[in-house]
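# prediction below, plus the sequence it came from.
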Amino acid sequence: MAEQRAVVYGAGKISRGFLGNLLADAGFAMTFVDVDARIVGLLADRKQYHIHILGAPEKDSLVTNVTAVTADDAATRTLLVEAAVAFVSVGGANLASVAKTIAPALCNRFVSTREPLNIVVCENWRAAAATLRDAIALELADDDRRIFDEVIGIAESTILRSGIAGTKKQLEADPLAVQAQDYWDLPVDGDALVGGLPEIPGVSPIAGFSTALERKMYTYNCGNALISYLGWLRGHELLSQAANDAVLADLIDEVYKETCETMVKRHGYDRDDQRDYAMRSLAKFRDETIVDPLYRQTADPIRKLGREDRLVGAGLAALDEGVSADAIAVGIAAALRHRNPADPSAVRLAELIDERGEGGALASITGLAEDHPLVVLALAKLPEVDALAKA
Ligand SMILES: NC(=O)c1ccc[n+]([C@@H]2O[C@H](COP(=O)([O-])OP(=O)(O)OC[C@H]3O[C@@H](n4cnc5c(N)ncnc54)[C@H](O)[C@@H]3O)[C@@H](O)[C@H]2O)c1
Ligand SMILES: O=P(O)(O)OC[C@@H](O)[C@@H](O)[C@H](O)[C@H](O)CO
């Protein structure tokens, strides 16, 4: 059988450290598309890179048979003609821009084939598949849009593996090296697929997936964000240190109670199943073999304070369901206190707070009124956050 090719939009930590791992193990040749010319140049020259599996070095691998092109390269236009599957992991805020690269490539594909193709979207971003589908549709003329609607599946997934930059030593040996959690499943929205996915062990189409990404963002990433922003304020460097900090234990327990109750009420998840799901995430955060720096977890606080993102989104959902959002609000307050001169988003957050105060900044980031109950609640938690930072 001819070699199957996958196109992976984004060549960052998840694309190389997770998608590339599963696809290489399944025997795929891969083309990565990225806006970062340095990464693209390295991939195109070296055609391989190392993945280091945290806590399980026997599962480390050398991914081969890869190449890459920059997103503005004319070569991207023909990439999807023979692709068997595509993945996107570029950061949710970049979905509109990647759509501009994907749309012409789909038009070229339609000239030679109307065979179905699925694009799996791998982002921590609410309604990521709909966002990408709408953005691609905007780029297409009517005839192509009709074909697009018929033969192109765009399916969400939940990424539960952590992808982490290589250590200094690993990067000296291979500038493309990534570290990844020892986790191998990528659940995908099976109902959104057209014609099914090629066989890729670990990539599992799931029926009834519609609320899975929100569940992950508002349970797993909400807990993670509270732990990470408070952990940073308390001087920790790693996620596992923050998640094992006894001073934070009660609050962590509370935030999971709130988010679990919210998900049970909002989507009808079984209470025990939801609790197990939540506790699996906490066990992961506490796992010391997963050496995950808090600067990655806390990066881009403005995005993470977004109205539909892990903290404010979860807080609004809790209030809608009549559930307490007190602990979630502590997480929001801790994010407002986040300062990191090396992170442009944190610098911008500090400027916004200087200009408008915490309430004004949160209102302008979320679009909520300054007197919205969640904004008021979050501001009321600032003294608690300040006390926890010093405790
Ligand atoms: N790293 C993790 O552990 C992890 C886990 C779960 C979910 N996620 C989510 O996965 C997504 C990717 O995360 P990551 O950690 O791999 O980020 P990353 O920054 O390492 O990689 C993103 C890559 O996308 C590229 N990119 C940006 N705009 C692009 C465009 N228009 N076209 C092509 N490439 C573009 C960037 O240059 C970068 O190389 C995010 O939504 C993140 O929230 C990450
Ligand atoms: O990727 P972000 O920036 O949205 O969030 C940082 C981490 O919390 C996140 O990458 C988790 O590690 C990930 O969601 C694990 O599934």
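In hand now; what should we look at? Nothing here was measured: the structure is a model prediction, and the numbers come from that model. Ligands and ions are numbered 1, 2, ... in the order given.
# which single residue of this protein ends up nearest ligand 2?
Closest residue of the chain to ligand 2, CB to the nearest ligand atom: residue 124 (3.6 Å). To be clear about C-beta, it is placed using only N, CA and C from the backbone, and glycine gets the same treatment.
# that residue: neighbour count?
Residues lying near residue 124 (other CB atoms under 10 Å) number 21.
# swap in residue 128?
A count of nearby residues for residue 128, using other CB under 10 Å, gives 21.
# show me what contacts it?
With contacts defined as CB atoms under 8 Å, 6 or more residues apart in numbering, the neighbours of residue 128 are 92, 95, 121, 156, 213.
# what parts of the stretch 101-250 of the chain come near ligand 2?
Those residues of the stretch 101-250 of the chain that sit near ligand 2, judged by CB under 6 Å from any ligand atom, are 124, 159, 160, 162, 221, 224.
# can you redo these as TSV with secondary structure, pLDDT and distance to residue 141?
As requested, those are exported to TSV (DSSP: H, G, I helix; E, B strand; the rest coil; pLDDT from 0 to 100; distance: CB to CB, whole Å):
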residue	secondary structure	pLDDT	distance to residue 141
124	coil	95	32
159	coil	97	33
160	coil	95	38
162	coil	97	41
221	helix	98	38
224	helix	98	42
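# in the residues you listed, find the pair that's most separated.
Across those, the longest distance by CB to CB is 12.6 Å; it joins 159 and 224.
# the two: who's more crowded?
Neighbours per residue, other CB under 10 Å: of residue 159 and residue 224, the larger number sits with residue 224, 27 against 19.
# you'd agree the more buried one is up against residue 242?
No. Shown here, residue 224 and residue 242 do not form a contact pair, counting by CB atoms under 8 Å, at 9.6 Å.
# list residues touching both of the two?
residue 285.
# wait, is residue 164 part of a strand?
Yes. The assignment for residue 164, made by DSSP: H, G, I helix; E, B strand; the rest coil, places it in a strand.
# shouldn't residue 180 be in contact with residue 17?
Yes. The pair residue 180 / residue 17 is scored as a contact, 4.1 Å apart, by CB under 8 Å.
# list the beta-bridge partners for the residue lying closest to residue 164 once chain neighbours are set aside.
For residue 164, ignoring the flanking residues on the chain, the nearest one in space by CB to CB, 6 or more residues apart in numbering is residue 179 at 4.4 Å. Beta-bridge partners recorded for residue 179 (DSSP bridges): residue 52, residue 164.
# in contact with the residue in the chain that ligand 1 sits nearest to, which residues?
The nearest approach of the chain to ligand 1 comes at residue 12, 1.7 Å away (CB to the nearest ligand atom). Residues in contact with residue 12 (CB under 8 Å, 6+ apart) are 34, 39, 89, 90, 91, 163.
# residue 118 too?
Per CB under 8 Å, 6+ apart, neighbours of residue 118: 85, 86, 152, 153, 154, 155, 193, 194, 195, 196, 197.
# just give me the closest of the residues you listed to residue 107.
Nearest to residue 107, judged by CB to CB, of the contacts of residue 118 is residue 152 at 11.3 Å.
# now the residue nearest to that closest one when sequence neighbours are not counted: phi and psi?
In space, and not counting its chain neighbours, residue 152 is closest to residue 117: 5.7 Å by CB to CB, 6+ apart. The phi and psi torsions at residue 117 (degrees, to the nearest 10) take the values phi -140, psi 140.
# residue 69 now?
According to degrees, to the nearest 10, residue 69 has phi -140, psi 150.
# thought residue 77 was touching it, still the case?
No. Applying CB under 8 Å, one finds residue 69 not in contact with residue 77, separated by 10.1 Å.
# those two - which one has more neighbours?
residue 69 (20 against 16).
# I'd like to know how many residues surround the residue nearest to the more buried one when sequence neighbours are not counted.
Once flanking residues are discounted, residue 69 sits nearest to residue 75: 4.8 Å by CB to CB, 6+ apart. Burial measure for residue 75: 12 neighbouring residues, criterion other CB under 10 Å.
# from residue 81, how far off is residue 75?
Using CB to CB, to the nearest Å, we find residue 75 at a distance of 11 Å from residue 81.
# near ligand 2, which residues of the stretch 251-391 of the chain?
So the stretch 251-391 of the chain meets ligand 2 at 297, 299 (CB under 6 Å from any ligand atom).
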